[in-house]
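*Asks:* Just need the structure, nothing else, for what follows:
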Amino acid sequence: MENCLNLFIRSIFIDNMIFAYFLGMCSFLAVSKNVKTAFGLGIAVTFMLVVSLPINYLLNTYVLQPGALKWLGAEFADVDLSFLALIMFIAVIASMTQLVEMAVEKFSPSLYASLGIFLPLIAVNCAILGASLFMQQKDFGSALTATVYGAGSGIGWLLAIVGIAAIREKLAYSNVPAPLRGIGITFILTGLMGIAFMSFLGIKL
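*Replies:* Numbering: from 1, shown residues only. The predicted model follows:
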């Protein structure tokens, strides 16, 4: 349990998908103009990570890894389907994204309208695919660990996009130099927030 807590905190603050790996930057920059919209997208991304990571973990452990199919019989012990990992992970993420899109459209039409094209584009959000590939690389010991990592990564991404959205709303009332207005000042703020998050590297876990 302690290892899960450490992994959860680390994935939020130290291994933050935005500020440590710069994954999911396209939707991070495009949807972070309004806190409500940013929060909605952040919740959707977090849900996607929590759902897709354990599924991809089980898929990787019991189907894709070298020798993973030995539970089918001794003749399958040497089968290696790891070359299919990327396409299978994408298929799972795309399927889950479709479910999220239908749920948001049904229960929050206003959020669905404000997110626009970026909601279906969660399927190609590199933060979600990156988390699955990191999960494969870190070789987690259980589906629970993968779920904790997904939850932490999602909350870290949510924290980042809501934070930048709140700052950008305040900037609407600020006298920003004309050449830096819009995406320019957003890049500067993202860099400053990334430097701020580097301070969490001092946490001993």
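*Asks:* what stretches of this protein score poorly on pLDDT?
*Replies:* 2, 124, 204-205 (pLDDT under 70).
*Asks:* if you set the cut-off to 80 instead, what comes out?
*Replies:* Applying pLDDT under 80 to the chain flags the ranges 1-2, 111, 114-124, 202-205.
*Asks:* you'd agree Ser82 is up against Gln65?
*Replies:* Yes: at 6.2 Å, Ser82 counts as touching Gln65 under the criterion of C-beta atoms under 8 Å. Placement of C-beta: from N, CA and C, glycine included.
*Asks:* ok, the two, which is more surrounded?
*Replies:* Neighbours were counted for Ser82 and for Gln65 using other C-beta atoms under 10 Å; Gln65 has more, 17 against 13.
*Asks:* all helices for the protein, in order.
*Replies:* 2-9, 25-30, 35-59, 85-107, 109-115, 126-138, 143-171, 183-198 (DSSP state H).
*Asks:* The shortest one: which residues count as buried?
*Replies:* Applying a neighbour-count criterion of 16 or more other C-beta atoms under 10 Å, the buried positions in helix 25-30 are 25, 27-30.
*Asks:* What lies in contact with that helix?
*Replies:* For helix 25-30, the surrounding residues in contact (C-beta atoms under 8 Å, 6 or more residues apart in numbering) are 18, 41, 45, 118, 121-122, 125, 157, 160-161, 164, 183, 186-187, 190.
*Asks:* Kindly recompute the last result at 10 Å.
*Replies:* Residues outside helix 25-30 that contact it (C-beta atoms under 10 Å, 6 or more residues apart in numbering): 17-18, 22, 38, 41-42, 44-45, 115-119, 121-122, 124-127, 157, 160-161, 164-165, 168, 182-183, 186-187, 190.
*Asks:* Narrow those to those that are buried.
*Replies:* Buried, going by 16+ other C-beta under 10 Å: 17-18, 38, 41-42, 44-45, 115, 118-119, 121-122, 125-127, 157, 160-161, 164-165, 168, 186, 190, out of the contacts of helix 25-30.
*Asks:* residues contacting Asp139?
*Replies:* Contacts for Asp139 (C-beta under 10 Å, 6+ apart) come out as 60-61, 65, 145.
*Asks:* next one: phi and psi at it?
*Replies:* As for Asp139, its main-chain torsions (degrees, to the nearest 10) stand at phi 60, psi 60.
*Asks:* Next one: it from Ala20, what distance?
*Replies:* Noted for Asp139: a distance of 19 Å to Ala20, by C-beta to C-beta, to the nearest Å.
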